[in-house]
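Peer 1: Return atomic coordinates for the entry below.
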Amino acid sequence: MKYVVCIPDGCADLPVPELDGATPLEVAHTPVLDALAARGRVGLARVIPPGMPAGSDVGNMSIFGYDPACYHTGRSPIEAAALGLTLTPEQVAYRCNLVTVTDDGIMADFSGGHPDSAEAAEAIAALDEELGGEVSFHAGVQYRHTMVAPAEWADAECTPPHDLSDRPVVGPRGPAGPKLAALEEASRAVLARFDLSATQVWLWGQGFQPKMPSFREMHGVDAGMVSAVDLVRGIGVLTDMEIPDVPGATAWYDTNYEGKRDAALAGLAAGADLFAIHVEASDEAGHEGNVAEKVRCLENWDARILTGLVEGLDRMGRWRLLLLPDHATPLTLRGHTDDPVPYLLVDSKVDGPGGVYTEKGAASSEVVAGHLLIKELLAHT
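Peer 2: Residues are numbered from 1 along each chain as shown. This is a model prediction of the structure:
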């Protein structure tokens with residue numbers, strides 16, 4: 001038996017006026033996904049537990065079967081793990097976005113123009129050289145980076161920048177707020193010397209390094225994942241999953257869909273029991289309010305991942321597949337919500353009741369806790 005978890009990040013949505021009140025899942029041409037839903041089981045999962053932030057850290061932790069109420073300590077320490085950083089109990093990690101804030105204080109772009117990773121790394125190195133000491137800056141991918149600070153810097157309330165798109169910025173509050181705000185302000189002079197759209201850093205998502213059992217200890221199988229996002233890869237690092245590098249995996253619209261699919265199939269063929277495929281593009285489209293691109297992302301999933309994936313799995317024997325997003329990213333809101341999301345569970349040999357994989361198709365289903373779905377995937381006759 002082989003298992004696959006497919007995560008189209010943020011793909012769930014609300015009715016979109018430009019689509020005559022439909023959602024991207026409803027209008028996208030996805031014949032393979034439609035056929036899988038017709039033979040599987042469609043349901044509704046709460047991947048964001050009540051009272052927890054609606055982010056990919058919480059949602060993906062749920063999908064991989066780790067109850068966020070037990071294991072989540074913050075977003076950034078997960079990303080730090082992906083960068084190879086080991087935090088001491090006296091250290092806290094912060095997500096360090098490169099962002100574009102206008103002169104009149106509007107969050108124009110939480111992703112700082114999606115800079116090239118190499119160019120961004122040069123800017124982060126300059127920040128570390130000029131503003132580091134008590135804190136340190138560590139380069140990640142594109143606009144997503146990490147700052148490590150003393151533990152007492154953790155006591156702050158910081159708004160995720162993607163929740164402020166085209167709105168007035170809200171600076172850090174709380175006892176550590178002034179220190180964080182001073183760093184953000186000081187970063188403006190450093191970044192001004194680089195040919196970047198970003199105007200400053202934005203610090204948020206702080207936390208201490210979590211302690212998580214390995215995936216095998218937790219679920220009894222050997223697992224791997226493909227993702228271009230440090231936040232998702234960090235969960236894999238913390239749980240001892242195999243994480244191959246995929247050339248051309250960018251965490252953007254131009255990501256290498258086929259490369260991710262082929263890496264997952266290769267990992268399964270080499271002996272892994274389970275492989276997860278994560279694609280960020282649909283979430284980015286939601287944040288940008290880009291209707292056409294979000295539809296295209298779903299169609300790319302179908303034509304460039306699911307088509308060859310099902311064929312490759314059939315050659316290996318029996319398989320089971322779980323597909324769901326880590327949260328919704330509605331185009332009309334350009335941010336995350338904690339609403340339950342549709343999921344699809346398929347068994348290659350045992351047909352389910354059948355259904356339609358859309359928000360409406362799952363709406364009447366009983367809501368299940370997201371972190372329990374992996375157990376359903378792994379339970380079979």
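Peer 1: Could you use CA atoms for every contact and neighbour count after this?
Peer 2: Noted.
Peer 1: now the helices: where do they sit in the stretch 101-250 of the chain?
Peer 2: 117-131, 177-191, 215-219, 230-238 (DSSP state H, counting those that start in this stretch).
Peer 1: nearest to Leu373, of these?
Peer 2: helix 215-219 (11.7 Å; C-alpha to C-alpha).
Peer 1: Can you show me the strands along the stretch 1-150 of the chain?
Peer 2: Ranges of strands within the stretch 1-150 of the chain are 2-8, 41-46, 91-101, 107-109, 136-141, 144-150, based on DSSP state E, counting those that start in this stretch.
Peer 1: ok so, going back, identify, out of the helices of the stretch 101-250 of the chain, the most deeply packed stretch.
Peer 2: Across those, the average number of neighbours (mean count of other C-alpha atoms under 10 Å) peaks for helix 230-238, which reaches a mean of 23.
Peer 1: Quick check: buried residues in the following helix or strand past that one?
Peer 2: Scanning forward in sequence from helix 230-238 by DSSP states H and E, the next helix or strand is helix 257-269. Within helix 257-269, the residues that qualify as buried are Tyr257, Glu258, Gly259, Lys260, Arg261, Asp262, Ala263, Ala264, Leu265, Gly267, Leu268, counting by 16 or more other C-alpha atoms under 10 Å.
Peer 1: what does stretch 261-278 rub up against?
Peer 2: Stretch 261-278 is contacted from outside by 1-9, 221-228, 232, 244, 246, 260, 304-306, 308-309, 312-313, 316, using C-alpha atoms under 8 Å, 6 or more residues apart in numbering.
Peer 1: where's it relative to the chain centroid, distance-wise?
Peer 2: In terms of C-alpha atoms, centre = their mean, to the nearest Å, the centre of stretch 261-278 is found 19 Å from the chain centre.
Peer 1: pull the CA atoms of that stretch into PDB?
Peer 2: Output of stretch 261-278 as PDB, limited to C-alpha atoms (Å, rounded to 0.1, in the frame of the first residue of the first chain):
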ATOM      1  CA  ARG A 261       5.000  14.800  -8.800                       C
ATOM      2  CA  ASP A 262       8.000  12.800 -10.100                       C
ATOM      3  CA  ALA A 263       9.900  13.300  -6.800                       C
ATOM      4  CA  ALA A 264       7.000  11.900  -4.800                       C
ATOM      5  CA  LEU A 265       6.700   8.900  -7.100                       C
ATOM      6  CA  ALA A 266      10.400   8.300  -7.000                       C
ATOM      7  CA  GLY A 267      10.400   8.400  -3.200                       C
ATOM      8  CA  LEU A 268       7.500   5.900  -3.000                       C
ATOM      9  CA  ALA A 269       9.200   3.600  -5.500                       C
ATOM     10  CA  ALA A 270      12.400   3.800  -3.400                       C
ATOM     11  CA  GLY A 271      10.600   2.500  -0.300                       C
ATOM     12  CA  ALA A 272       8.700   5.400   1.400                       C
ATOM     13  CA  ASP A 273       5.200   4.400   2.400                       C
ATOM     14  CA  LEU A 274       3.700   7.900   2.200                       C
ATOM     15  CA  PHE A 275       4.600  11.100   0.300                       C
ATOM     16  CA  ALA A 276       3.100  14.500   0.500                       C
ATOM     17  CA  ILE A 277       3.000  17.000  -2.300                       C
ATOM     18  CA  HIS A 278       2.600  20.600  -1.400                       C
END
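Peer 1: Quick check: which of the strands of the stretch 1-150 of the chain is nearest to Lys360?
Peer 2: Closest to Lys360 of the strands of the stretch 1-150 of the chain is strand 41-46 (C-alpha to C-alpha; 10.2 Å).
Peer 1: neighbouring contacts of the closest one?
Peer 2: Residues from elsewhere that reach strand 41-46 (C-alpha under 8 Å, 6+ apart): 338-346, 352-357, 361-363, 365-370.
Peer 1: Which of those fall in strands?
Peer 2: Val341, Pro342, Tyr343, Leu344, Leu345, Val346, Val367, Val368, Ala369 (DSSP state E).
Peer 1: Quick one: the helices of the stretch 101-250 of the chain as TSV, columns for distance to Ala35 and mean pLDDT too.
Peer 2: TSV is the format used below for the helices of the stretch 101-250 of the chain (distance: least, C-alpha to C-alpha, whole Å; pLDDT from 0 to 100):
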stretch	distance to Ala35	mean pLDDT
helix 117-131	38	97
helix 177-191	49	98
helix 215-219	29	98
helix 230-238	28	95
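Peer 1: Including distance to Leu331, could those helices go into JSON lines?
Peer 2: Shown next, in JSON lines, are the helices of the stretch 101-250 of the chain (distance: least, C-alpha to C-alpha, whole Å):
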{"stretch": "helix 117-131", "distance to Leu331": "26"}
{"stretch": "helix 177-191", "distance to Leu331": "29"}
{"stretch": "helix 215-219", "distance to Leu331": "34"}
{"stretch": "helix 230-238", "distance to Leu331": "22"}
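Peer 1: Please identify which of the ones you listed is closest to Glu79.
Peer 2: Per C-alpha to C-alpha, nearest to Glu79 of those: helix 230-238, 4.5 Å.
Peer 1: mind checking how far the closest one is from the chain centre?
Peer 2: For helix 230-238, the distance to the chain centre is 10 Å (C-alpha atoms, centre = their mean).
Peer 1: Strand 91-101 and that one, what's the angle between them?
Peer 2: Going by axes from the mean of the first three to the mean of the last three C-alpha atoms, to 10 degrees, helix 230-238 is angled at 160 degrees with respect to strand 91-101.
Peer 1: what's helix 230-238 packed up against?
Peer 2: helix 56-63, helix 76-82, strand 223-226 (3 or more C-alpha pairs under 8 Å, 6 or more residues apart in numbering; DSSP states H and E).
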